[in-house]
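# fold the following and give me the result.
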Amino acid sequence: MRSFMFDQRPITLVLTALLAGVAAPVSVAGQQPAAPSPGVRPLTLAQALEIAERNSETVGIAREELARAQGDRRRARSAYFPQVNGSALYQRALESQFSALSTDSTGTPGQTCNRFVPQPGLTVEQRLDSLESAVACSSGVDLLAGLGNLPFGRANTYRLGLSFSQTLFSGGQVGGQSQAANAGVRSAALGLTSAQAQLLLDVTGAYYDASLAERLLEIAEATLRQADTTLSQTQLARQVGNLAEFDLLRARVTRDNQRPVVIQRRADRDLAHYRLKQLLDFPLDQPLALASGLGDTLLVDSPRLSAVVKNRGDTTSSTRAPVRQANEAVEAQRGQLRVAKGQRLPQVTLTSSYLQLAYPGRVSPFGADFVSDWVVALGVQLPIFTGGRIAGEVAVARANLNQAELRLEQARELAEVDGRNAITQLEAAEAGWQASAGTVEQAARAYQIAELRYREGISTQTELLDSRIQLQQAEAARARAARDLQVAKVRIALLPALPISLPVPAASPAQTGVPTQPASPPVYQPPVQTVTGFSGQLQPGVSGQ
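The predicted structure follows:
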């Protein structure tokens, strides 16, 4: 026994020098990340949210939906005001049917009538015939002279006019259109707020996913370094003849099995970064340095959340944006039903037209004499027979209204379930975070003791591998619990403005008359590590939100 202890002392000294700084416990999940590399700008979560909101195509689409709804409202309200239009027209007649009035019966241009001179030498019949011809010629000349002052057949025509129109009674059609347009504006405003809230949640989830992926990579690399250290210890012990070849082969296999895990964790880290860059509209090749750790809880009390959601953390179904949008859809359909029913009532319209007309003999209108033409009309239009068109439109509008009311009830029920789910997830995340408190420190201390026992030769490699797996499990669980807690808190804060995560059958814009919110892309979820056996290898799995 004394010889054995004497042989172990040099090995212990060598291994202690090799393991200087390696046996220190790994940082917990709440610790701030390491300093970024030179030339890489650190990115905090608050900066990521600001950049994403400024560059998001989804938020931009929602803003354009709101602008379009506001334009529809202005168009609907314009029917309350008079419509005044101006017009200017120049007309050139190339050939006219009235040009024949300026020719005689033979088709030749009319001639000037000579003065009638009685001729006593002619017979009575001849004298009567010449008198009648003179009278007919002078009458035709006078007629053509009178027609020359009228617009018939004139070569040049100028028309300058103003038209006025005012709807006095529309049977409720104008009011119904305005009602539907107002509901569309309110729904589009809710859609913009919902898009902003969903973007904040997506970016928060992607940011913490990337931070979690980096943390899991650090854990995998630390485990690989520990496996390398164990292999070095085993090789030294094997060289002095204190360990069997089986222990050396097992240590080498354990180290080699950890290398694919590191490669997989590095790929997961890259995928999480790609997802975050896509939300921020960054080039995929641009490096990222995350400056906010998993334990950063400043976002929950951020003013940015207060700017988006006024009643943060309210889980009642009546305050949810999808429920309020469904209510606006019902209001829009009521307006559309008013429009359909209003077609059965008479339409009363007041119109007026004022014209200034000129028929100059030349192309230029300057110097021409303009004459006025002003009329005022009061019109009443009443449908007598439409072949069932109005009845069909009323039936369609009533069916759309019934569907909108049913969707409102459905949205309320789903919003209540979705709120309970969010509360349950937050409670589970808080419980998981509390359960993992102190586990990392205890596992790290247990691994230090197991490593010391292995160096001194009083424990087996199986005990060391078991302690290493427990440490890796504790670190990964702590990091994942921090990520889940942060995302759950932000989701609860943004819940009034968020879309319902449960599937909701949505109506088309043609049925509701209200813009719909585009679906947001799914949040990237890094794979979860699950430990099997005592081999020290972590197998990728799937975790839920």
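# could you list the alpha-carbon positions for stretch 365-379 in CSV?
Output of stretch 365-379 as CSV, limited to C-alpha atoms (Å, rounded to 0.1, in the frame of the first residue of the first chain):
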residue,chain,number,x,y,z
PRO,A,365,-62.1,81.5,-78.6
PHE,A,366,-60.8,85.0,-77.8
GLY,A,367,-63.3,87.6,-78.7
ALA,A,368,-66.2,85.1,-79.1
ASP,A,369,-69.5,85.7,-77.6
PHE,A,370,-70.3,83.2,-74.8
VAL,A,371,-73.9,82.4,-73.9
SER,A,372,-75.0,80.8,-70.5
ASP,A,373,-76.9,77.6,-70.0
TRP,A,374,-77.8,76.8,-66.3
VAL,A,375,-80.2,74.1,-65.1
VAL,A,376,-81.1,72.6,-61.7
ALA,A,377,-82.7,69.2,-61.3
LEU,A,378,-84.2,67.2,-58.4
GLY,A,379,-84.2,63.5,-59.1
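# Arg238 and Asp247 touch, don't they?
Yes. Contact criterion CB atoms under 8 Å: Arg238 and Asp247 qualify, at 7.3 Å. (Each C-beta comes from the backbone N, C-alpha and C, glycine too.)
# pull out the buried positions in the longest strand seen in the chain.
Counting by DSSP state E, the longest strand found in the chain is strand 156-169. Within strand 156-169, the residues scored as buried using 16 or more other CB atoms under 10 Å are Asn156, Thr157, Tyr158, Leu160, Gly161, Thr167.
# residues in contact with the last one?
Contacts were defined as CB atoms under 8 Å, 6 or more residues apart in numbering; by that measure Thr167 touches Ala79, Val174, Gln347, Val348, Thr349.
# SS state for the residue most central in space within the chain?
For the chain, the residue nearest the mean C-alpha position is Thr58 (3.0 Å; CA atoms, centre = their mean). With DSSP: H, G, I helix; E, B strand; the rest coil as the basis, Thr58 sits in helix.
# from Leu89, how far off is Ser372?
16 Å (CB to CB, to the nearest Å).
# please work out the average pLDDT along the strand or helix carrying Gly432.
Element membership for Gly432 (DSSP states H and E) is helix 389-435. Averaged across helix 389-435, the pLDDT comes to 94.
# quick one: list the elements packing against the helix or strand that comes right after that helix.
Once the chain leaves helix 389-435, the next helix or strand it forms, by DSSP H and E, is helix 439-456. Applying 3 or more CB pairs under 8 Å, 6 or more residues apart in numbering; DSSP states H and E, we find helix 439-456 packed against helix 2-18, helix 173-239, helix 461-494.
# and those helices as CSV, adding distance to Gln448, mean neighbour count and mean pLDDT?
CSV is the format used below for the helices and strands packed on helix 439-456 (distance: least, CB to CB, whole Å; neighbours: other CB atoms under 10 Å; pLDDT from 0 to 100):
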stretch, distance to Gln448, mean neighbour count, mean pLDDT
helix 2-18, 12, 12, 35
helix 173-239, 11, 22, 91
helix 461-494, 9, 23, 88
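# which of those helices sits closest to Val253?
Closest to Val253 of these, according to CB to CB: helix 173-239, at 9.7 Å.
# so how far is that closest one off the chain centroid?
18 Å (CA atoms, centre = their mean, to the nearest Å).
# of all the contacts of Thr167, which two lie farthest apart?
Across those (CB to CB), the longest gap, 13.2 Å, separates Ala79 and Val348.
# domain parsing for this structure?
Here the domain parsing of the chain from automatic domain parsing is 2-83+178-339+414-540, 98-149.
# hang on, the earlier thing: correct me, but the residue nearest to the centre of the chain touches Ala197?
No. Counting by CB under 8 Å, Thr58 sits too far from Ala197 to count as a contact (11.3 Å).
# next up, phi/psi of Thr351, please.
Phi and psi for Thr351, reported as degrees, to the nearest 10, are phi -130, psi 150.
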